[in-house]
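Trainee: mind looking at a prediction? Sequence and model below.
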Amino acid sequence: MALPARHHTRSRVNKRRSHTALELFNLVKCSHCGEMIPPHQVCPVCGYYKEKETIDVFKGLTKKERKNKQKEIEKGK
Ligand SMILES: [Zn+2]
């Protein structure tokens, strides 16, 4: 089995691992509904991107689900 030629100090190991932590990803406010969303992506709540409706978020929803979704979009405004 391979054996390390030199002992690595705790300091050296910790310094190497100082770069391994995960960073928080960025969020921006949706210009249409005000929900916090990842940048450069269509808003999953209202379906808008750059002030234009790009996907129909009400498609395939029941009347009750539609009502709740509409409420969610209105809430952020
Ligand atoms: Zn939105």
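Mentor: Great, that's in hand.
Trainee: could you use CA atoms for every contact and neighbour count after this?
Mentor: Noted.
Trainee: list the buried ones in the helix or strand in which Q70 is found?
Mentor: Q70 belongs to helix 63-76 when assigned by DSSP states H and E. Residues of helix 63-76 classed as buried: K69 (neighbour count, 16 or more other C-alpha atoms under 10 Å).
Trainee: distance from that helix to the middle of the chain?
Mentor: Relative to the centre of its chain, helix 63-76 is centred 21 Å away, using C-alpha atoms, centre = their mean, to the nearest Å.
Trainee: so is that helix next to the ion?
Mentor: No: between helix 63-76 and the ion, judged by C-alpha under 5 Å from the ion, nothing touches; the nearest distance is 7.1 Å.
Trainee: how about the residues of the chain near the ion?
Mentor: 30, 32-33, 43, 46.
Trainee: which one of the residues you listed is nearest I73?
Mentor: Using C-alpha to C-alpha, C33 is the member of the residues of the chain next to the ion that lies nearest I73, at 5.4 Å.
Trainee: what about the closest one, how many neighbours?
Mentor: 18 (other C-alpha atoms under 10 Å).
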